[in-house]
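Peer 1: got a structure for you, letters missing:
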């Protein structure tokens, strides 16, 4: 059995982009691996935002995550985002920061970028630390970070203005995400 595949199938049914949306099938796939796979519980928690079972599923995923390796930083990223947004658990920027650091240590590009955004939104200093997170996400070819680097070079924010480098970052972002 492949728990990650079950979660991806659940995500596909839940999104309804490639196949017709079917929340029941999504839930079936998530529940089939929820006893051992944190991501399945986080997906179930998102399905039930605003309902009591959301917190139950989040806590179960959190407990599983503490005892499992997270080589891609994906689980730490899910936990960080929830503590940042506070849709299921109480918003806690300190805990979000801690979990973003774990995800960033695994070079999770989306986590690096969102970590930078959270720190920027909350007045974190020094700004150079935030810029370093964005630069690292861009080095991993994460389209939003590439676009932000393009803006930074175009405007000369925290670096010399360089329209050629800016154009290169924008092209790279568009090559990876044409809807950017």
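Peer 2: Noted; the coordinates are in hand. Everything numeric in this text was worked out from a predicted model, so none of it was measured.

Peer 1: which residues in the protein form helices?
Peer 2: Per DSSP state H, the chain carries helices over the ranges 3-15, 23-33, 38-47, 52-66, 74-85, 93-105, 109-121, 127-139, 143-155, 163-176.

Peer 1: Can you check what angle separates the fourth one from helix 23-33?
Peer 2: The directions of helix 52-66 and helix 23-33 differ by 40 degrees, with axes from the mean of the first three to the mean of the last three Cα atoms, to 10 degrees as the criterion.

Peer 1: on that earlier part again, got the helices of the chain as TSV, with mean neighbour count and mean pLDDT columns?
Peer 2: In short, each C-beta sits where N, CA and C put it, glycine included. Listed next are the helices of the chain as TSV, based on neighbours: other Cβ atoms under 10 Å; pLDDT from 0 to 100:
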stretch	mean neighbour count	mean pLDDT
helix 3-15	17	95
helix 23-33	18	97
helix 38-47	24	95
helix 52-66	17	94
helix 74-85	22	94
helix 93-105	19	96
helix 109-121	21	96
helix 127-139	18	93
helix 143-155	20	95
helix 163-176	15	93
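
Peer 1: Would you agree residue 74 is in contact with residue 39?
Peer 2: Yes. The criterion here is Cβ atoms under 8 Å, and residue 74 meets it with residue 39 at 7.0 Å.

Peer 1: Distance-wise, check residue 165 relative to residue 158.
Peer 2: Distance of residue 165 to residue 158, given as Cβ to Cβ, to the nearest Å: 13 Å.

Peer 1: Equivalent analysis for residue 122, please.
Peer 2: Distance of residue 122 to residue 158, given as Cβ to Cβ: 18 Å.

Peer 1: Next up, the contacts around residue 26.
Peer 2: Contact analysis of residue 26 by Cβ atoms under 8 Å, 6 or more residues apart in numbering lists 9-11, 13-14, 43, 47.

Peer 1: Can you tell me which of these is nearest residue 151?
Peer 2: Of all the contacts of residue 26, residue 11 has the smallest distance to residue 151: 30.6 Å, by Cβ to Cβ.

Peer 1: Report the contact partners of that closest one.
Peer 2: 26, 43 are the contacts of residue 11 under Cβ under 8 Å, 6+ apart.

Peer 1: How about the one 3 residues further on?
Peer 2: Neighbouring residues of residue 14 by Cβ under 8 Å, 6+ apart: 21, 23, 26, 43, 47.

Peer 1: again, 6 Å this time
Peer 2: Neighbour list for residue 14: residue 26 [criterion: Cβ atoms under 6 Å, 6 or more residues apart in numbering].

Peer 1: try the one 4 residues further on
Peer 2: For residue 18, the set of contacting residues under the criterion of Cβ under 6 Å, 6+ apart consists of residue 12.
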